[in-house]
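Peer 1: Mind folding the following:
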Amino acid sequence: MKIEQALKYLIISGIFIVPFIPLIVANSMFFPFITGKNFSFRILVEIIFGAWVALAFLDSMYRPKFSWLFVSVASFIGIIFLAGILGEYPFKSFWSNFERMEGFVTLAHLFAYFLVAGTMLNTQQLWTRFLNTSVAVSTFIGIYGVFQLAGKVTINQGGVRLDATFGNATYLAVYMLFHIFITLFLLARWRGGNVVRFIYGAIIMLQVSMLYYTATRGTILGFLGGIFLTALLIALFEKEQLRLKKIAIAGIMAVVLLAGGFVAIKNTEFVTENPVLSRFSDISFT
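Peer 2: Presented below is the predicted three-dimensional model:
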């Protein structure tokens with residue numbers, strides 16, 4: 001096997017391992033839901049980034065190409081770096097802490113992963129497989145959340161808000177939010193049989209249920225806003241797929257009716273005694 005081929009397999013394998021990182025819970029570490037995932041991501045990215053640099057040196061095909069997306073992301077990373085260096089506490093801006101593990105060092109690793117994935121996942125087939133891999137992991141995490149909901153697995157942060165393998169309901173909510181739209185994207189692009197459509201539909205229902213039971217208000221509102229905006233854009237600009245346009249119009253109506261219906265019943269006993277809905281009844285423009 002040529003060295004280029006070996007490097008390619010190593011890099012692609014590393015890219016496809018990343019979606020499994022949310023499953024890691026390092027109980028022996030400080031902040032087990034944070035540190036294990038972050039150290040695994042950083043180590044994995046450093047390995048595949050090093051391999052990618054070697055591959056790009058050997059084969060110009062895998063060198064990054066100019067795009068405005070690349071320019072915008074690189075500019076963002078540069079601005080954050082300057083903001084951190086010139087800020088009040090550069091050390092924390094760079095390293096963050098074990099509870100969050102954000103900071104510039106994490107952004108730099110994310111940028112490296114962006115470069116590697118953007119050049120190596122260079123076909124629609126690879127991207128589809130990658131997205132399906134991530135959706136499959138989200139399904140497993142959703143099933144884990146169902147066991148938490150049933151009382152078979154402990155909710156790590158206590159209370160009734162599901163947190164799965166993240167240890168924080170807000171993190172689980174945002175994770176599910178992204179994967180709902182990724183799964184919707186895959187469903188919209190599928191041109192095969194109805195069995196796969198049914199599977200995607202079932203996964204979306206599971207993901208939405210997990211999002212709901214995290215009781216994370218901002219993320220759920222973001223989900224409804226995202227559905228409304230997506231449906232509105234499709235309804236306004238879709239010219240070829242009339243069925244999709246009708247579904248979008250139905251989606252707009254559903255969001256409007258859902259929001260209006262909730263406002264109408266938000267002071268009822270059903271809402272105020274529900275641990276999830278009661279959190280939304282407190283929201284007001286004031």
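
Peer 1: give me the low-pLDDT residue ranges for the stretch 151-286 of the chain?
Peer 2: 284-286 (pLDDT under 70).

Peer 1: Please enumerate the helices of it.
Peer 2: In the stretch 151-286 of the chain, the segments counted as helices under DSSP state H, counting those that start in this stretch are 169-189, 194-214, 217-237, 242-265, 269-272, 277-281.

Peer 1: now swap in the stretch 1-150 of the chain and tell me
Peer 2: 3-17, 35-58, 68-85, 90-95, 103-120, 124-149.

Peer 1: that older thread, ranking the helices of the stretch 151-286 of the chain by mean neighbour count, which comes first?
Peer 2: Mean neighbour count (mean count of other C-beta atoms under 10 Å) peaks for helix 169-189 among the helices of the stretch 151-286 of the chain, with a mean of 20. (Each C-beta comes from the backbone N, C-alpha and C, glycine too.)

Peer 1: Show me what it is packed against.
Peer 2: Helix 169-189 sits against helix 124-149, helix 194-214, helix 217-237, with contacts defined as 3 or more C-beta pairs under 8 Å, 6 or more residues apart in numbering; DSSP states H and E.

Peer 1: In JSON lines: the ones you listed, plus distance to Phe66.
Peer 2: Formatted as JSON lines, those follow (distance: least, C-beta to C-beta, whole Å):
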{"stretch": "helix 124-149", "distance to Phe66": "20"}
{"stretch": "helix 194-214", "distance to Phe66": "35"}
{"stretch": "helix 217-237", "distance to Phe66": "28"}
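
Peer 1: Those helices: which one's closest to Ala83?
Peer 2: Closest to Ala83 of the helices and strands packed on helix 169-189, according to C-beta to C-beta: helix 217-237, at 24.1 Å.
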